[in-house]
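>>> Give me a 3D structure for the following:
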Amino acid sequence: LIILTFGSFIFRAQLYNYPKLFYNYNKKPVDSEFYKTEYVNPNNNVITNKKNIIYIFLESMETSFASYEEGGLLKENHIPNLTKLALENKCFNGNTNKLNGITQTDGTSWTIAGILSKISGLPYNMQQPANFDNLVTYLPNAVMLTDILHSNKYNQVFAFGSEKSFGAMDLLLETHGDVEVHDINWYKNKGYINKEYHNGFWGFEDKYLYEFAKKDLLELSTKEEPFFYGIDTIDTHFQEGFICSECQENHPNQRFFDVLECADRQIGQFINWLKQQSFYDNTLIVISGDHLFMSTTLNLFEDEYENNIRIVDEVEEKHRTKESKRKVYCCFINSKNTNIYHNYNSFDIYATILDELDVPLQNNKAGFGVNLNSNNQSINEKYSFKFVNEKTMEKNIQYMALEQN
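Residues are numbered from 1 along each chain as shown. Sure, this is the predicted structure:
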């Protein structure tokens, strides 16, 4: 029983990804044809459509939390507001009228990796052990979204309720585009929150983060330059999330569903507030999970889905044998009037945001991502799921070149 429980913990928390990183560290790097063919480091970075951007990263948010009928994996829809937003706007579901989301690939399955992949089109595949003490920056030679925005005079702020050093988020954001990071210590120093406050979870809860975000955004909107504003929520973090004062007790046997529904209400209220602001119409809003929920104790889904694997249909069989049925939530609001169906991953978010800003893209690509507003195939659509993981995560000289200071 102990062995089975420990094995379940490793699988559900996806700890099997970490040995891959350490194994890669000791391997000789290859000269990767996949990187030469599929990776594009943007070089024409002039933004001709200077929309504001708000990117909301929702901790561990999946399409799976919706009902079967709406494209999820549960009998009841626990994210009705997010479902409505995605279906009324864009989640690259074509004409299916069901939620579509991000297929999680290796090197994107925890917070810093999930955010990195969506703003750079690259996985987290650092060729050193996961020790940030001697790390000066992430991938200094990779051109990221925040670099491009910085070169186009955007004011950039990223807000979250924990400390910015968690996962070295400060290194990623402050060394790529000089993003101003508002973390728990920043808000305490500014008097937004009592200096002694800590909710015992990660810092302060999302209900405060959304209120602080409103103040930040109103200030940014008074400036002449366009803005990028990032938000990273935390209440829905595994193992069972954080019950705040806004949560209702509707699920006594599964408190995480109460946390989910609370998070869903809060994002719905925040988007409604945004709609009332003068800057709304000129603002691209992207909402996505940072990664899949990493439960180690909860059986959220039916047994047939618990292994997170499905056999694909015959049409796709020639390209892939197994892939995740669970998808990371994604929604584009105030986006271009296209909603093409794609099987996509985190890398594609980067290229698609650049297209929304009318940044010229080489073959509709940036990083490993493809512009989802185009008919170009994503790497998920061109190759097998297994092949994508193998080739993006192998130790290679191309990725190492992006790491060199």
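
>>> residues in contact with the residue nearest the centre of the chain?
Closest to where the C-alpha atoms of the chain average out (Cα atoms, centre = their mean) is residue 290, at 3.1 Å. The neighbours of residue 290, taking Cβ atoms under 8 Å, 6 or more residues apart in numbering as the test, are 57, 58, 59, 60, 61, 110, 111, 114, 115, 232, 328. In short, each C-beta sits where N, CA and C put it, glycine included.

>>> same question, residue 336
Here residue 336 is in contact with 355, 356, 373 (criterion: Cβ under 8 Å, 6+ apart).

>>> cutoff 7 Å now
356, 373 (Cβ atoms under 7 Å, 6 or more residues apart in numbering).

>>> Would you mind measuring from it to residue 32?
Applying Cβ to Cβ, to the nearest Å, the value for residue 336 to residue 32 is 32 Å.

>>> Could you do residue 239 as well?
Residue 239 sits at a distance of 37 Å from residue 32 (criterion: Cβ to Cβ).

>>> Name the residue in the two with the higher neighbour count.
residue 32 (18 against 13; other Cβ atoms under 10 Å).

>>> wouldn't that one be in contact with residue 398 here?
Yes. Counting by Cβ atoms under 7 Å, residue 32 does reach residue 398; the two are 5.4 Å apart.

>>> Surely residue 114 forms part of a helix?
Yes. Residue 114 forms part of a helix when assessed by DSSP: H, G, I helix; E, B strand; the rest coil.

>>> now it: how far from residue 328?
8 Å.

>>> what's the overlap in contacts for these two?
By Cβ under 7 Å, 6+ apart, residue 114 and residue 328 have these common neighbours: residue 291.

>>> before we move on, back to that, so what's the residue nearest to the centre of the chain closest to, chain neighbours aside?
residue 114 (3.8 Å; Cβ to Cβ, 6 or more residues apart in numbering).

>>> List the residues that contact the one you found.
Residues in contact with residue 114 (Cβ under 7 Å, 6+ apart) are 108, 290, 291, 346.

>>> May I see those residues organised as JSON lines, with secondary structure and pLDDT added?
Listed next are those as JSON lines, based on DSSP: H, G, I helix; E, B strand; the rest coil; pLDDT from 0 to 100:
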{"residue": "108", "secondary structure": "coil", "pLDDT": "96"}
{"residue": "290", "secondary structure": "coil", "pLDDT": "97"}
{"residue": "291", "secondary structure": "coil", "pLDDT": "95"}
{"residue": "346", "secondary structure": "coil", "pLDDT": "98"}
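
>>> Just the buried ones out of these, please.
Neighbour counting by 16 or more other Cβ atoms under 10 Å classes 108, 290, 291, 346 among those as buried.

>>> before we move on, back to that, what is the nearest of the contacts of residue 114 to residue 368?
Of all the contacts of residue 114, residue 368 sits closest to residue 346, with 9.1 Å by Cβ to Cβ.

>>> ok, the closest one - contacts?
Contacts of residue 346 by Cβ under 7 Å, 6+ apart are 102, 105, 108, 114, 117, 118.

>>> what's the closest non-adjacent residue to residue 52?
residue 283 (4.1 Å).

>>> Next, the one you found: phi, psi?
Per-residue torsions, residue 283: phi -130, psi 120 (degrees, to the nearest 10).

>>> and what of residue 291?
According to degrees, to the nearest 10, residue 291 has phi -170, psi 180.
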